[in-house]
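A.B. asks: need coordinates for the below:
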Amino acid sequence: QVQLVESGGGLVQPGGSLRLSCAASGFTFTSYLMSWVRQAPGKGLEWVSDINSGDGSTYYADSVKGRFTISGDNAKDTVYLQMNSLKPEDTGLYYCWYNDGYVDYWGQGTQVTVSS
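C.D. replies: Here you go, the predicted model:
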């Protein structure tokens with residue numbers, strides 16, 4: 001059974017940093033495509049970043065490019081999202097997402113609030 005558990009969110013001032021973690025279980029964590037997706041208050045889901053473990057490629061939304069970095073640690077079955085130079089518009093609930101070819105899996109989300 002696939003499970004995704006996010007952590008690392010919190011309250012941070014503009015310009016600050018946070019590192020989100022997504023601990024995965026229930027599938028072989030050596031070949032995967034995983035994503036971070038966020039939802040701002042009162043808005044829809046917004047794709048943030050992808051990582052493809054097969055070739056190490058990463059992708060970012062224009063709104064976070066140059067500020068966020070996605071990475072994976074196969075030894076810990078965990079995907080990370082390092083977020084720097086945070087802005088108030090980065091506020092939202094951040095989810096990790098995985099699809100096994102048949103089913104979408106989501107974590108419970110971790111809240112990020114950027115405010116002074």
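
A.B. asks: surely V37 touches D50?
C.D. replies: No. V37 lies out of contact with D50 (C-beta atoms under 8 Å); the separation is 9.8 Å. Using the backbone N, CA and C atoms, a C-beta is placed for each residue, glycine as well.

A.B. asks: name the residue in those two with the higher neighbour count.
C.D. replies: V37 (20 against 17; other C-beta atoms under 10 Å).

A.B. asks: following element in sequence after the helix or strand encompassing the more buried one, please.
C.D. replies: Element membership of V37 [criterion: DSSP states H and E] is strand 33-39. Note on strand 33-39: by DSSP H and E, the next helix or strand toward the C-terminus is strand 45-52.

A.B. asks: in stretch 107-115, which residues are buried?
C.D. replies: Within stretch 107-115, the residues that count as buried by 16 or more other C-beta atoms under 10 Å are 107, 109-110, 112-114.

A.B. asks: swap that for stretch 52-70, sorry
C.D. replies: Buried residues in stretch 52-70 (16+ other C-beta under 10 Å): 60, 64, 68-70.

A.B. asks: and what of stretch 12-28?
C.D. replies: By neighbour count, with 16+ other C-beta under 10 Å as the criterion, the buried positions of stretch 12-28 are 12, 18, 20-24.

A.B. asks: next: stretch 81-93.
C.D. replies: Applying 16+ other C-beta under 10 Å to stretch 81-93 flags 81, 83, 86, 90-93 as buried.

A.B. asks: chain center to that stretch: distance?
C.D. replies: Averaged C-alpha coordinates place stretch 81-93 at 11 Å from its chain's average position (C-alpha atoms, centre = their mean, to the nearest Å).

A.B. asks: can you list contacts of it?
C.D. replies: By C-beta atoms under 8 Å, 6 or more residues apart in numbering, the residues outside stretch 81-93 that reach it are 12, 14-20, 22, 36, 38-41, 43, 46, 48-49, 63-64, 67-71, 94, 109-115.

A.B. asks: what do you get if the cut-off is 7 Å, keeping everything else the same?
C.D. replies: Applying C-beta atoms under 7 Å, 6 or more residues apart in numbering, the contact partners of stretch 81-93 are 12, 14-20, 36, 38-41, 49, 67-70, 109, 111-115.

A.B. asks: nice, that's everything, thank you.
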